[in-house]
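J.: Predicted model, plus sequence, below.
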Amino acid sequence: YEDPFNTLHKISHNMTLLGFIACYTSLIFVLNSLSIVITYMLSSVWHAILDNFRPVFVWISSLIIFYLVSSGTAGEEWTWPASYVQLL
């Protein structure tokens, strides 16, 4: 089971983890804010289309992290044949 006190202890004693949580929270806030703006300025159809492309953006980001940012220590590697199936 999850222990919330243990979780708070780990977060408060690990600045890297705290930074990741702050970054993640900020990015989710920006994503939701932009979703509201897109719905207001365009339509809910565009909002739905962009929501369906979110996994593609996450996958591409993971590939970029693997090949360009972390030199293969984090992210997702392009593999044969699974990556081609995932692309389709």
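T.: Looks like it came in fine.
J.: So which residues of the protein form helices?
T.: Using DSSP state H, the helices of the chain run over 4-12, 15-41, 44-64, 82-87.
J.: mind giving me JSON lines with those helices and columns for mean neighbour count and distance to residue 75?
T.: C-betas here are computed from N, CA, C, even on glycine. What follows is the helices of the chain, written out as JSON lines (neighbours: other C-beta atoms under 10 Å; distance: least, C-beta to C-beta, whole Å):
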{"stretch": "helix 4-12", "mean neighbour count": "10", "distance to residue 75": "23"}
{"stretch": "helix 15-41", "mean neighbour count": "11", "distance to residue 75": "14"}
{"stretch": "helix 44-64", "mean neighbour count": "12", "distance to residue 75": "5"}
{"stretch": "helix 82-87", "mean neighbour count": "11", "distance to residue 75": "12"}
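J.: Pipe these into a markdown table and attach mean pLDDT per row.
T.: Shown next, in a markdown table, are these (pLDDT from 0 to 100):
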| stretch | mean pLDDT |
| --- | --- |
| helix 4-12 | 93 |
| helix 15-41 | 91 |
| helix 44-64 | 88 |
| helix 82-87 | 85 |
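J.: I'd like these written out as JSON lines, with distance to residue 76 added.
T.: Formatted as JSON lines, those follow (distance: least, C-beta to C-beta, whole Å):
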{"stretch": "helix 4-12", "distance to residue 76": "26"}
{"stretch": "helix 15-41", "distance to residue 76": "18"}
{"stretch": "helix 44-64", "distance to residue 76": "4"}
{"stretch": "helix 82-87", "distance to residue 76": "8"}
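J.: Quick one: closest of the ones you listed to residue 74.
T.: Closest approach to residue 74 among the helices of the chain is made by helix 44-64 (8.6 Å; C-beta to C-beta).
J.: tell me how far that closest one is from the chain's mean position?
T.: Between the centre of helix 44-64 and the centre of its chain there are 10 Å (C-alpha atoms, centre = their mean, to the nearest Å).
J.: cool, and stretch 29-42?
T.: On C-alpha atoms, centre = their mean, the centre of stretch 29-42 falls 17 Å from the chain's centre.
J.: tell me the centre residue of the chain?
T.: residue 58 (5.5 Å; C-alpha atoms, centre = their mean).
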